[in-house]
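Asks: how would this look folded up:
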Amino acid sequence: MSVDAANYARLREITDRLPQIPGTGRVEIAHGKIVITMPPVRRHELAVIRIGRQLNEQLAATHPGFVAHPGADLEDVGLGRLRCPDLMVFPESVLEEDAAVYPADVLLAVEVVSKSNPENDYDEKVRDYAAMGIPLYLLVDPRDGTGIVHSQPRYARREGFAFGDTVRVGAWRIDTGGLLTYGA
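Replies: I've put the predicted structure just below:
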């Protein structure tokens with residue numbers, strides 16, 4: 001479902017004016033609504049760091065000039081979506097612009113499933129990232145120590161894994177042995 005341009009522009013203006021409220025996470029726009037997420041827990045952030053480090057070590061050889069970066073906004077105005085993936089792979093030069101990252105620049109989106117809203121990562125973001133045309137989506141679930149590599153076309157291919165496995169994600173390999181579950 002896409003949102004009409006005028007409504008999305010209004011929502012985007014509101015999100016840009018929202019104050020940074022202590023104790024809140026990121027602000028997204030999805031399905032015609034502004035969504036404020038809870039801040040991630042430490043093991044969530046540790047997973048993002050460890051996956052990002054592995055990707056950045058490999059990107060110099062596989063995709064020079066690209067970076068695995070957390071915290072950037074991902075915007076698809078046509079779909080009316082503003083998402084904040086936990087980690088994305090895109091050209092470092094994109095960060096020179098004063099704008100969100102656009103889906104055409106993104107090779108991989110990574111989400112570490114939150115304790116508070118897992119259906120967002122398993123359902124809504126799978127649909128959104130596929131609709132945006134992002135070739136790969138890595139979903140990591142510290143609740144039970146599993147994950148899924150989604151690949152194109154439109155994430156029809158899904159390969160599950162368990163923490164401890166080394167998984168292929170496009171041109172890269174991710175060792176999930178260093179990832180921790182929330183309960184451990």
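
Asks: low-confidence regions, this structure specifically.
Replies: Flagging of the chain using pLDDT under 70 yields the residue ranges 1-2, 19-25, 38-40, 184.

Asks: do that again at 80, thanks
Replies: Applying pLDDT under 80 to the chain flags the ranges 1-3, 16-26, 29, 31, 34, 36-41, 116, 184.

Asks: do a quick rundown of the helices in it.
Replies: 5-17, 42-62, 118-119, 125-132 (DSSP state H).

Asks: send me the first one as PDB with only the CA atoms.
Replies: The C-alpha atoms that make up helix 5-17 are tabulated as PDB, following Å, rounded to 0.1, in the frame of the first residue of the first chain:
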ATOM      1  CA  ALA A   5       2.300  12.200  -2.000                       C
ATOM      2  CA  ALA A   6       0.600  15.000  -0.100                       C
ATOM      3  CA  ASN A   7      -0.100  12.900   3.000                       C
ATOM      4  CA  TYR A   8       3.500  11.500   2.900                       C
ATOM      5  CA  ALA A   9       4.900  15.100   2.600                       C
ATOM      6  CA  ARG A  10       2.800  16.100   5.600                       C
ATOM      7  CA  LEU A  11       4.000  13.100   7.700                       C
ATOM      8  CA  ARG A  12       7.600  13.800   6.600                       C
ATOM      9  CA  GLU A  13       7.400  17.400   7.700                       C
ATOM     10  CA  ILE A  14       6.000  16.300  11.100                       C
ATOM     11  CA  THR A  15       8.800  13.700  11.600                       C
ATOM     12  CA  ASP A  16      11.500  16.300  10.800                       C
ATOM     13  CA  ARG A  17      10.100  18.600  13.400                       C
END
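
Asks: circling back to that earlier point, would you format the helices of the chain as TSV with mean neighbour count and distance to residue 29 included?
Replies: For every residue, glycine as well, the C-beta is placed using N, CA and C. Conversion of the helices of the chain to TSV gives the following (neighbours: other C-beta atoms under 10 Å; distance: least, C-beta to C-beta, whole Å):
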stretch	mean neighbour count	distance to residue 29
helix 5-17	13	5
helix 42-62	17	22
helix 118-119	12	18
helix 125-132	20	11
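
Asks: who wins for proximity to residue 26 among those?
Replies: helix 5-17 (10.0 Å; C-beta to C-beta).

Asks: contact partners of that closest one?
Replies: Applying C-beta atoms under 8 Å, 6 or more residues apart in numbering, the contact partners of helix 5-17 are 3, 27, 29, 32-34, 77, 80, 82.
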